[in-house]
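Asks: sequence first, predicted model second:
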Amino acid sequence: MKILVTGGAGYIGSITVERLIKAGAEVVVFDNLYQGHEDAVHPDAIFVKGDLADKTAVETVISAHKPDGIMHFASYTLVGESVEKPFMYLRDNIVNGLNLMESAVKHGVKGFILSSTANLFDDPEQMPIAETERIVPGSPYGESKNILERNLYWMDKLYDMRYACLRYFNACGATEERGEDHDPETHLIPLVLEVALGQREKITIFGDDYNTPDGSCVRDYIHIVDLAEAHILAMNAILDGGESRKYNLGNGRGFSVKEVIETAREVTGHPIPAEIGPRRAGDPDILIASSETINHELGWKPKYPELKTIIQMAWDWHQAHPHGYTK
Ligand code: UDP
């Protein structure tokens, strides 16, 4: 199969490309390198530098390569930033996604996978969170993904383009060759590892008065390779003639911020000083996914559910790339 991967130079995209190539797919990466790194693009993938806002560039890459499927990772992804810059998120994420969908249906692309988010579930009635949970976007970022999910519904209904929306919880971990390198870094695990590398003095725990056993927020940390495999399974299922679908993707287990820091201390042997700071806006107490549906329908199960393994793999990558890809 031939797959176009937007955002294939980014963290989740580049590792999915690595797994796609390992599975024998032909891959074309389309990325503007706003957050991504050219060095993260697998050498066997065709790399096209381009922006989804540029309709001509999108049209050109799709008509030239005629992919069977598209995996759409490229987007602005930070909940906090989206509250500060709602127009950037609501306009660019949605319009860029629509530009891609329009060319996709025009050229008969059969399957489309959307990187969606746990931020669709800001006020869950049940924990773990299943696909039947009501959608309450927690930010303009979550809303942009919600609207793209709705747009895909119409692409399916009107143009027979099947889709899968994959709602990620907390993606983390690394492969030997690829890992997490954001600028600025805002995610817990890479920040904690920067402390262990001596690049930061301490980690700040954003609030310890949440309604959780140790007072710090509980999240569902899912290994990036498990996420990547879910994309491949979902793409195969829709290209094989299956129906469109939506899956929540996580380990089904939660770990608190304090547990993450403690596990990183064990893995790295570094004391990792931590201090309690104020809450970060928009953080719910607990987010844990139920991945029963994808397990039941596609046989997906995390291969790396242990937090210790996840942090060890991230630590190995950070030690080998202490300044990320470019330095
Ligand atoms: N967090 C923290 N200190 C940091 C960064 C994150 O306490 O320096 C917390 C954050 O409040 C959340 C959890 O760690 O409860 C995971 O945050 P991250 O930004 O990694 O992912 P998110 O849950 O926002 O997708």
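Replies: Structure's in. What do you need? Here the structure is a predicted model, which means the values were calculated and not measured.
Asks: how many neighbours does S63 have?
Replies: 11 (other Cβ atoms under 10 Å). For every residue, glycine as well, the C-beta is placed using N, CA and C.
Asks: enumerate the residues of the stretch 101-250 of the chain near the ligand.
Replies: 170, 186-188, 191, 203-206, 217, 219 (Cβ under 6 Å from any ligand atom).
Asks: at 8 Å what do you get?
Replies: Within reach of the ligand by Cβ under 8 Å from any ligand atom, the stretch 101-250 of the chain has these residues: 118-119, 169-170, 172, 186-189, 191-192, 203-207, 216-219.
Asks: inside helices: which ones of those?
Replies: Secondary structure from DSSP state H places 188-189, 191-192 of those in helices.
Asks: which residue does the stretch 151-300 of the chain have closest to the ligand?
Replies: Closest approach between the stretch 151-300 of the chain and the ligand, counting by Cβ to the nearest ligand atom: C217, at 3.2 Å.
Asks: which SS state does C165 fall under?
Replies: strand (DSSP: H, G, I helix; E, B strand; the rest coil).
Asks: pLDDT weak spots in the stretch 51-200 of the chain?
Replies: For the stretch 51-200 of the chain, applying pLDDT under 70 flags no range at all.
Asks: in it, which spans are helices?
Replies: Residue ranges of the helices in the stretch 51-200 of the chain, as given by DSSP state H, counting those that start in this stretch, are 55-65, 79-84, 86-87, 94-106, 140-159, 188-196.
Asks: picking that back up, buried only: go through the residues of the stretch 101-250 of the chain next to the ligand for me.
Replies: 118-119, 169-170, 172, 188-189, 191-192, 203, 205-207, 216-219 (16 or more other Cβ atoms under 10 Å).
Asks: and the residue of the chain most remote from its centre, helix, strand or coil?
Replies: Relative to the centre of the chain, the most outlying C-alpha is that of P271, 29.3 Å out, by Cα atoms, centre = their mean. Classification of P271 using three-state DSSP returns coil.
Asks: surely it and A264 touch.
Replies: No. Using Cβ atoms under 8 Å as the test, P271 is too far from A264 to be in contact (10.5 Å).
Asks: in the stretch 1-150 of the chain, which residue sits closest to the ligand?
Replies: Closest point on the stretch 1-150 of the chain to the ligand, by Cβ to the nearest ligand atom, is V79, at 5.7 Å.
Asks: that residue reaches R280, doesn't it?
Replies: No. Applying Cβ under 8 Å, one finds V79 not in contact with R280, separated by 9.0 Å.
Asks: of these two, who's got more company?
Replies: V79 (21 against 13).
Asks: what about the residue nearest to the more buried one when sequence neighbours are not counted, neighbour count?
Replies: Spatial nearest neighbour of V79, chain neighbours left out: S139 (4.6 Å); criterion: Cβ to Cβ, 6 or more residues apart in numbering. S139: 21 surrounding residues under other Cβ under 10 Å.
Asks: and S139, what does it touch?
Replies: 79-80, 82-83, 89, 119, 122, 282 (Cβ atoms under 8 Å, 6 or more residues apart in numbering).
Asks: quick check: the farthest pair among those?
Replies: The most widely separated members of the contacts of S139, counting by Cβ to Cβ, are Y89 and D122 (15.2 Å).
Asks: higher neighbour count, these two?
Replies: Set Y89 next to D122 and count neighbours by other Cβ under 10 Å: Y89 wins out with 25 against 17.
Asks: test my guess that the more buried one contacts P140.
Replies: Yes. Here Y89 reaches P140: they are 4.3 Å apart, a contact under Cβ under 8 Å.
Asks: report the set of residues contacting both of the two.
Replies: S82.
Asks: list the contacts of stretch 79-93.
Replies: 53, 75-76, 119, 138-145, 147-148, 186, 280-282.
Asks: who's in contact with I129?
Replies: Shown in contact with I129 (Cβ under 8 Å, 6+ apart): 118, 121, 248, 287-290.
Asks: quickly list what it is bridged to.
Replies: A289 (DSSP bridges).
Asks: that one and N248, how far apart?
Replies: 6 Å (Cβ to Cβ, to the nearest Å).
Asks: any residues in contact with both of the two?
Replies: Joint contacts of I129 and N248 (Cβ under 8 Å, 6+ apart) are 118, 289-290.
Asks: okay, now the nearest residue to G69 once chain neighbours are set aside: neighbour count?
Replies: Distances taken as Cβ to Cβ, 6+ apart place G111 nearest to G69, at 3.8 Å, with adjacent residues excluded. Residues near G111, counting by other Cβ under 10 Å, number 25.
Asks: and what of K303?
Replies: Around K303 there are 10 residues (other Cβ under 10 Å).
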